[in-house]
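Peer 1: Take a look and give me a structure for this.
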Amino acid sequence: MEKTSLPGPMGQAGQILSAPASRRKFLRYAGWSGLAATVLASCTKSISNISADGKGSTNSVSLGSGDTGILNYAYALEQLEAAFYTLVVADPYENIDSTELSRLTDIRDHEIAHREFFKTALGTSAIQALTPNFSSVDFTSRASVLATAKTFEDLGVSAYNGAGSLISNPDYLTLAGKIVSVEARHAAYIRNLITPGSFADLTVINSNGLDTSRTPAQVLPLAQPFITQKIDASGLPTA
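Peer 2: Below you'll find the model as predicted:
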């Protein structure tokens, strides 16, 4: 399997996840201010086509092969989550309380950090900014927003679990493990907001205490309805 020579995790990419920063500096680095302006300029919550960097999109995106392909796969999912939580926080659903808004803002910041890590690690090998399709989400409804968040978080955890064995560079495998543990915390919190006590129920944890795992071939059909471009994963490793 291809071992990709990408920037090491102790370099610029790793610093994104490890270096402390104020929220203002973090959001400026991650490009939040520009995206927020785009979001807030809209008059409706039925926003369905906002690319992660405000640029246009093509109809098909190839993830590539080897470690590059797997990192692009994770980057695509993190783009989706970051865009979703950005919209949620920019114009929160009706009757949201301050605690929920604060926690969802934290999740947004984590997802943006994850997205920027993969973008930096991949460099010129990174796929383009994807254009989400959130037309099925009612951003005014707590139930709709949390149900979508649950879908994304559970899917993300299972995706990282399923992709770990496909990564050949141990440095990136270590960082992927650190990211999936954060995603699992998100998933548990969102599940508990919907149904208290469901944070680790049998729909995601099996009788052996092991979390759900999905291959890219299982994950992408579930994520595709939320992405405008067609994701081509044909080059990804399968073993």
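Peer 1: now residue 150, nearest residue through space, not along the chain?
Peer 2: Once flanking residues are discounted, residue 150 sits nearest to residue 190: 5.1 Å by CB to CB, 6 or more residues apart in numbering. For the C-beta atoms, the positions are set from N, CA and C on the backbone; glycine is no exception.
Peer 1: For the one you found, which residues are in contact?
Peer 2: For residue 190, the contacting residues are 146, 149, 150, 153, by CB atoms under 8 Å, 6 or more residues apart in numbering.
Peer 1: For the protein, give me the ranges with low pLDDT.
Peer 2: 1-58 (pLDDT under 70).
Peer 1: if we go to 90?
Peer 2: 1-59, 172-173, 197-211, 239 (pLDDT under 90).
Peer 1: show me where it has strands.
Peer 2: 60-62, 230-232 (DSSP state E).
Peer 1: about what we covered before: any figure for the gap between the residue nearest to residue 150 and residue 67?
Peer 2: Look at residue 190 and residue 67: by CB to CB, to the nearest Å, they are 29 Å apart.
Peer 1: And for residue 108?
Peer 2: 27 Å.
Peer 1: Please apply the same query to residue 222.
Peer 2: Taken as CB to CB, the span from residue 222 to residue 67 is 23 Å.
Peer 1: Which residue is the nearest non-sequential neighbour of residue 105?
Peer 2: residue 89 (5.1 Å).
Peer 1: And for the one you found, the neighbour number?
Peer 2: Residue 89 sits with 20 neighbouring residues when counted by other CB atoms under 10 Å.
Peer 1: Tell me which residues touch it, please.
Peer 2: 101, 104, 105, 108.
Peer 1: Enumerate every residue touching the second one.
Peer 2: For residue 104, the contacting residues are 85, 88, 89, 92, by CB under 8 Å, 6+ apart.
Peer 1: quick one: which of the residues you listed is nearest residue 174?
Peer 2: Nearest to residue 174, judged by CB to CB, of those is residue 85 at 25.1 Å.
Peer 1: Number of residues surrounding the closest residue to the closest one other than its chain neighbours?
Peer 2: Here the nearest residue to residue 85 in space, its sequence neighbours aside, is residue 108; by CB to CB, 6+ apart that works out to 3.7 Å. When neighbours are defined as other CB under 10 Å, residue 108 has 23 of them.
Peer 1: Over to residue 123?
Peer 2: With other CB under 10 Å as criterion, residue 123 counts 12.
Peer 1: how near is it to residue 140?
Peer 2: Counting by CB to CB, the gap from residue 123 to residue 140 is 39 Å.
Peer 1: Tell me who's in contact with the residue most central in space within the chain.
Peer 2: In the chain, the centroid-proximal residue (CA atoms, centre = their mean) is residue 78; its distance is 2.2 Å. Shown in contact with residue 78 (CB under 8 Å, 6+ apart): 111, 114, 115, 118.
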